[in-house]
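S.K.: Okay, predicted coordinates and the sequence, questions at the end:
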Amino acid sequence: MTSLSEIYDDACIKLEGRLSQYRYLHSLSVSDVAVMMAQDFAVDPMYARVAGLLHDWDKCYSDEELIERALAFKIDLADDPQILAPLLHAQTGAVAVAREYPDLPQEIVQAVARHTSAALDMTKLDMIIYVADLVEPLRTGPNIQYYRSLADNSTLEELFCKCYQSTLYHLIRRRRYLHPDSVKIWNVYGADPAPRQRGG
Ligand SMILES: [Fe+2]
Ligand SMILES: [Fe+2]
């Protein structure tokens, strides 16, 4: 049985060879942020550490290669693979890390798979990796300070909701593709459950 700490050490070496320098440092940074969040939100920090490190395992492939991998892995695609390509590294990466590390807990594999498009039944670990991927300090972008300002006073679900909301805004503003499950996920995590007051 390979321990999570052995997997972490081995994956560091392999990822340094697989990923660009930026992407490798981003993976380490997501891992560090995920550990801090895990401590705040009562999740096993070692699970967060390894899931954060592994989340972009397949980010080294082109869109065409990812489509080929998705087909080879028999991943059930929800839409045209060409349109889904920017999201596919999460799903192919999850299959790949499970093959690379057979002792990897399923919870970690799932968190890797869900870090781009999320899911209707996000676990705490899934949310931590989703959020950590967006707020890690090497990221630059208009929303990064906003995300970080939320981190101190929010529940994990609120943090996830804010990040998911911002991702949707960003995608819609740029007229980018939305995963078919996005509206369902938004209605579960983001939509205000209180019915709106209607005027007279
Ligand atoms: Fe990613
Ligand atoms: Fe990432």
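M.R.: Perfect, thanks for sending it. Ligands and ions are numbered 1, 2, ... in the order given.
S.K.: how about the residues of the chain that lie near ligand 2?
M.R.: When proximity is defined as CB under 5 Å from the ion, the chain approaches ligand 2 at 56, 133. All C-beta atoms are positioned from the backbone trio N, CA, C, and that covers glycine.
S.K.: what about the strands in the chain?
M.R.: Shown for the chain, no strands are assigned by DSSP state E.
S.K.: show me where pLDDT drops low in it?
M.R.: Low-confidence regions of the chain, defined here as pLDDT under 70, cover residues 141-148, 151, 193-200.
S.K.: which residues of it fall in helices?
M.R.: Taking DSSP state H, the helices of the chain run over residues 4-18, 21-40, 45-54, 63-72, 81-100, 106-113, 124-135, 144-151, 156-173, 182-189.
S.K.: now the angle from the second one to helix 156-173?
M.R.: Angle between the axes of helix 21-40 and helix 156-173 is 150 degrees (criterion: axes from the mean of the first three to the mean of the last three CA atoms, to 10 degrees).
S.K.: The third one now?
M.R.: Helix 45-54 runs at 10 degrees relative to helix 156-173, counting by the same axes, to 10 degrees.
S.K.: would you list the helices of the chain in JSON lines and tack on mean neighbour count?
M.R.: JSON lines is the format used below for these (neighbours: other CB atoms under 10 Å):
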{"stretch": "helix 4-18", "mean neighbour count": "14"}
{"stretch": "helix 21-40", "mean neighbour count": "19"}
{"stretch": "helix 45-54", "mean neighbour count": "25"}
{"stretch": "helix 63-72", "mean neighbour count": "16"}
{"stretch": "helix 81-100", "mean neighbour count": "20"}
{"stretch": "helix 106-113", "mean neighbour count": "22"}
{"stretch": "helix 124-135", "mean neighbour count": "25"}
{"stretch": "helix 144-151", "mean neighbour count": "14"}
{"stretch": "helix 156-173", "mean neighbour count": "16"}
{"stretch": "helix 182-189", "mean neighbour count": "15"}
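S.K.: quick one: the residue nearest to the spatial centre of the chain from residue 149, how far?
M.R.: When the chain is reduced to its mean C-alpha position, the nearest residue by CA atoms, centre = their mean turns out to be residue 115, at 1.7 Å. Using CB to CB, to the nearest Å, one obtains 22 Å as the distance from residue 115 to residue 149.
S.K.: Residue 68 too?
M.R.: Using CB to CB, which is the criterion applied here, residue 68 is 41 Å from residue 149.
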